[in-house]
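Asks: make a model of this:
(one chain, ligands or ions: 4)
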Amino acid sequence: MKRITIWVIFFSVFLLLHTTTCVEDEVKSSLINFLAKLSNNKGKSGLLLGWNSSSDPCKDHWKAVTCDTRNNFVRKLFLNSSNLVGELDIGLLCNVERIAESLTVLHLESNDISGVLSPDVASCKQLTRLHLNGNRLNGTLPTSLAMLNNLKILDVSNNKLYGTLPDLSRISGLTVFLAQNNEISGEIPRFDFSNLKQFNVSNNNINGVVPDVRGYFTASSFLGNPGLCGDPLPNKCPSSLQAESVAGESKDSSKDQIFMFVGYLTLALVFVVIIIVVLCKRRRKKKVVDALPQKEEAIEDGQDERMYKSSTIESMGYKAGFSKSETSFVSADNSALVSSSLVVLTSPEVNGLKFEDLLKAPAEMLGRGKNGSVYKVILDNRKTLVVKRIKNWPISSHEFKQRMQRLDQVKHPNVLPPLAFYSSKQEKLLVYEYQQNGSLFELLHGTHMPKTFDWPSRLGVAASIVEAMAFMHQELQDDGIAHGNLKSSNIFLNRNMEPCISKYGLIPVITRSSSPKAFKDDVFGFGMILLELLTGNLVQHNGVDLQDWVHSVLREEWTAEVFDKSLMSECASEERLVSLLQVAIKCVNPSPEARPTMNQVVVMINKIKEEEERSAIGPYSL
Ligand SMILES: *[C@@H]1O[C@H](CO)[C@@H](O)[C@H](O)[C@H]1NC(C)=O
Ligand SMILES: *[C@@H]1O[C@H](CO)[C@@H](O)[C@H](O)[C@H]1NC(C)=O
Ligand SMILES: *[C@@H]1O[C@H](CO)[C@@H](O)[C@H](O)[C@H]1NC(C)=O
Ligand SMILES: *[C@@H]1O[C@H](CO)[C@@H](O)[C@H](O)[C@H]1NC(C)=O
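Replies: Ligands and ions are numbered 1, 2, ... in the order given. The predicted model follows:
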């Protein structure tokens, strides 16, 4: 029996090793073959650069190859200006999964490479930069290029490319498109000109009307195409052509509308079917609930149903243990006697608010997490509040009350204080003022991000948040109350678009010994917010990912690419963007002790802000 086990283990290890070496061999041989073909087999087996199959591209630091920080994956190839006179076979790279999944940058410019760019290029979906300029490539650019979602720079200028240009308008991050000095024909496809920083199709055979470049580009990007006309080129289009193009557009758009209409109809039908199915299922489930009232889970399910249908917190929270009989309004002064009642803190906005008012008012669920839910409640006097309901928070009512009153004493204009609270054994309710401009998270990742959220505003938001946090940390250090969950969805924007930190101190009780870590966790949270402000993206933050990401940003100098493209297009100073990125990176240091304190972060950010202000009023400002 034992022997068999040992054999099985041995065999599995053998298989595992065998498959990894196979994968690595494949990477090696593909790279060597790719280079061999590019160099017209002159340097057979990659001898040209000393690549050979008895060494490893990453661990043995092959010339012109850059790998990830752990030397496992090939990230970049620099084969520019390498006297390559052979043929391009991009499939040799992109059809190998382990290369396609990791290659981000490919430099082949300034050689004498011939051949065509095959549609296989679409498999290299991590590519952010593709430089093919200054070669003898012919053929048509494949339409599959549109699938390279991460592409930022595509330079195919100075080749012998012909045919029409592919429609790359779906690649939202594309900032550079250069195709000048080729033999490209057809019309200019759609481009998102507001995102592009560089665009050039000069000296081709392109015809038709120049699209509306909205002032982002001048005639210099379209020169030398005899068949091309219209603004910003000096030659006006013949009226027939213009009319034709307009007619073509409207025909297209009416076709689009029909498609859209059919699409909506189908969608509506699908919805109706889904609703019917869900309703049927629910009815069945309800029967189960009735039959098995003692089964906790089933009751929860049944309650959830009601939660969505009902429209007041009372009905939403009926199970949570507060019934009307328990409710009585007691002012903050003598509330110590009755812990299960609503305590209104010193707030003129909701003075006289009664627990019953909250229960009866129409409520709308805004969100729901592991530990509770958030509702929007509209009172009779049209005052809108947010009620956070936390279930099973392991804190005694006494301690909870103390904490709320302490938080009420420490006031900062950029921190939303709780207006009132309620505490029972099973759950706590917290009442906040409703902020109609939504959260920072919605602003950054929502569908209707205003164009006005520019670099100075982002820097201002960051500075306000960190100042408020530093103040709170200083005031609440001795009480051991950190924020505990600092993230962009907990930061709201008030009427003046100033940030308001919400839900301060709503974490399980922390013991004194762990409280310094809680404060440093806030610093980490703030670092993540900075990263979001800078990149406009959600940054994966399960440990390893973030560290890898940060290292690759720093070491592989792709800083310009990580920043939110709307920041880059408004010409924010890259120097200060990088400075702020460095602050963010200090804050997200995996070791809590190595992170700066909020006060130190304030100093760093204020320095960047001062530089920004100085440059804005300096002699070079517009
Ligand atoms: C293969 O390349 C490595 C490092 O590039 C070099 O040290 C080694 O001598 C080469 N082997 C052969 C057989 O060329
Ligand atoms: C290839 O391009 C990179 C990036 O533009 C540049 O740093 C490098 O010097 C170039 N290599 C050669 C051999 O020209
Ligand atoms: C494209 O280039 C290849 C290789 O140089 C050549 O054989 C082929 O004839 C070229 N095609 C055209 C249409 O120029
Ligand atoms: C576009 O390319 C042409 C030809 O190389 C050049 O003359 C022109 O200055 C370029 N325009 C821009 C905006 O780069």
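
Asks: around ligand 3, which positions in the stretch 101-250 of the chain sit nearby?
Replies: Neighbours of ligand 3 within the stretch 101-250 of the chain, by CB under 6 Å from any ligand atom: Ser114, Gly115, Asn138. (Each C-beta comes from the backbone N, C-alpha and C, glycine too.)

Asks: so what's the first one closest to, chain neighbours aside?
Replies: Take Ser114 and drop its neighbours on the chain: the residue closest to it by CB to CB, 6 or more residues apart in numbering is Arg136, 4.5 Å away.

Asks: does the one you found belong to a helix, a strand or coil?
Replies: coil (DSSP: H, G, I helix; E, B strand; the rest coil).

Asks: which ones are touching it?
Replies: Counting by CB atoms under 8 Å, 6 or more residues apart in numbering, Arg136 makes contact with Asp112, Ile113, Ser114, Asn159, Lys160.

Asks: if you set the cut-off to 6 Å instead, what comes out?
Replies: Asp112, Ser114, Lys160 (CB atoms under 6 Å, 6 or more residues apart in numbering).

Asks: next one: Arg389
Replies: Gly372, Ser373, Leu429.

Asks: ok, so of those, who is nearest Arg406?
Replies: Proximity of the contacts of Arg389 to Arg406 (CB to CB) peaks at Leu429, which lies at 18.1 Å.

Asks: pull up the pairing partners for the strand or helix carrying that closest one, direction included.
Replies: Using DSSP states H and E, Leu429 sits in strand 427-433. Strand pairing for strand 427-433, using DSSP bridges, gives strand 384-391 (antiparallel), strand 420-423 (antiparallel).

Asks: closest one to ligand 2 among those?
Replies: Nearest to ligand 2, of all the strands paired with strand 427-433, is strand 384-391, at 51.0 Å by CB to the nearest ligand atom.

Asks: and the next element down the chain from that closest one?
Replies: Heading C-terminal from strand 384-391 (DSSP H and E), you reach helix 397-409.

Asks: so which elements touch the helix or strand hosting Leu459?
Replies: Under DSSP H and E, the secondary-structure element containing Leu459 is helix 455-476. Packing contacts for helix 455-476, counted by 3 or more CB pairs under 6 Å, 6 or more residues apart in numbering; DSSP states H and E, involve strand 499-501, helix 515-535, helix 598-617.

Asks: correct me, but Asn133 touches Ser110?
Replies: No: counting by CB atoms under 6 Å, Asn133 stays clear of Ser110, with 7.4 Å between them.

Asks: settle it for me: which of those two has more neighbours?
Replies: Neighbour totals were compared for Asn133 and Ser110, and Asn133 leads with 23 against 17 (other CB atoms under 10 Å).

Asks: and the protein, which of its residues are near ligand 1?
Replies: Residues of the chain lying near ligand 1 (CB under 6 Å from any ligand atom): Gly50, Asn52, Ser54, Ser55, Asp60.

Asks: now with 8 Å, please.
Replies: Those residues of the chain that sit near ligand 1, judged by CB under 8 Å from any ligand atom, are Leu47, Gly50, Trp51, Asn52, Ser54, Ser55, Asp60, His61, Trp62, Lys63.

Asks: show me which of those are buried.
Replies: Trp51, Trp62 (16 or more other CB atoms under 10 Å).

Asks: tell me the one of the residues of the chain next to ligand 1 nearest Leu353?
Replies: For the residues of the chain next to ligand 1, the nearest to Leu353 is His61 (68.3 Å; CB to CB).

Asks: end to end on stretch 505-518, go ahead and measure it.
Replies: Separation of the first and last residues of stretch 505-518 by CA to CA, to the nearest Å is 10 Å.

Asks: and stretch 417-427, by the same measure?
Replies: 19 Å.

Asks: re the thing from before, distance to Gln435 and secondary structure for the residues of the chain next to ligand 1 - can I get that in a markdown table?
Replies: Formatted as a markdown table, the residues of the chain next to ligand 1 follow (distance: CB to CB, whole Å; DSSP: H, G, I helix; E, B strand; the rest coil):
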| residue | distance to Gln435 | secondary structure |
| --- | --- | --- |
| Leu47 | 66 | helix |
| Gly50 | 62 | coil |
| Trp51 | 59 | coil |
| Asn52 | 63 | coil |
| Ser54 | 64 | coil |
| Ser55 | 59 | coil |
| Asp60 | 57 | coil |
| His61 | 53 | coil |
| Trp62 | 55 | coil |
| Lys63 | 56 | coil |
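
Asks: tell me which two in the residues of the chain next to ligand 1 are the farthest apart.
Replies: Leu47 and His61 (16.8 Å).

Asks: picking up where we left off before, tell me the angle of the helix holding Leu459 relative to helix 397-409?
Replies: 130 degrees (axes from the mean of the first three to the mean of the last three CA atoms, to 10 degrees).

Asks: and the residue nearest to Met497 when sequence neighbours are not counted, how close does it get to ligand 3?
Replies: Leaving aside its sequence neighbours, Met497 sits nearest to Asn437 (CB to CB, 6+ apart; 6.4 Å). Asn437 is 57 Å from ligand 3, where distance means CB to the nearest ligand atom, to the nearest Å.

Asks: just Gly134 next, same as before
Replies: 15 Å.

Asks: need the contact list for that residue.
Replies: Gly134 neighbours (CB under 6 Å, 6+ apart): Glu109, Ser110, Asn158.

Asks: and of those, the nearest to Pro238?
Replies: Ranked by distance to Pro238 (CB to CB), the contacts of Gly134 are led by Asn158 at 31.3 Å.

Asks: number of nearby residues for the closest one?
Replies: By other CB under 10 Å, 20 other residues sit near Asn158.

Asks: what do you get for the one 3 residues further on?
Replies: When counting by other CB under 10 Å, one arrives at 23 neighbours for Leu161.

Asks: what pLDDT does the residue nearest to Ala594 when sequence neighbours are not counted get?
Replies: Nearest residue to Ala594, sequence neighbours excluded (CB to CB, 6+ apart): Lys586, at 8.0 Å. Here, the pLDDT recorded for Lys586 equals 90.

Asks: now name the helix or strand holding Lys586.
Replies: Going by DSSP H and E, Lys586 is in helix 574-587.

Asks: for that helix, which helices and strands make contact with it?
Replies: Using 3+ CB pairs under 6 Å, 6+ apart: helix 574-587 touches helix 515-535, helix 598-617.

Asks: for these, which one sits closest to ligand 4?
Replies: helix 598-617 (25.9 Å).

Asks: could I get the CA-only coordinates of the closest one as CSV?
Replies: Extracted in CSV, the C-alpha atoms of helix 598-617 (Å, rounded to 0.1, in the frame of the first residue of the first chain):
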residue,chain,number,x,y,z
MET,A,598,-1.2,59.8,8.1
ASN,A,599,0.7,62.9,9.3
GLN,A,600,3.7,62.1,7.2
VAL,A,601,1.5,61.5,4.2
VAL,A,602,-0.1,64.9,4.7
VAL,A,603,3.4,66.5,4.5
MET,A,604,4.2,64.5,1.3
ILE,A,605,0.9,65.4,-0.4
ASN,A,606,1.0,69.0,0.6
LYS,A,607,4.5,69.3,-1.0
ILE,A,608,3.1,67.9,-4.3
LYS,A,609,0.1,70.3,-4.0
GLU,A,610,2.4,73.3,-3.5
GLU,A,611,4.5,72.4,-6.5
GLU,A,612,1.3,72.0,-8.6
GLU,A,613,0.0,75.4,-7.4
ARG,A,614,3.4,77.1,-8.1
SER,A,615,3.4,75.7,-11.6
ALA,A,616,-0.1,76.8,-12.2
ILE,A,617,0.7,80.4,-11.5
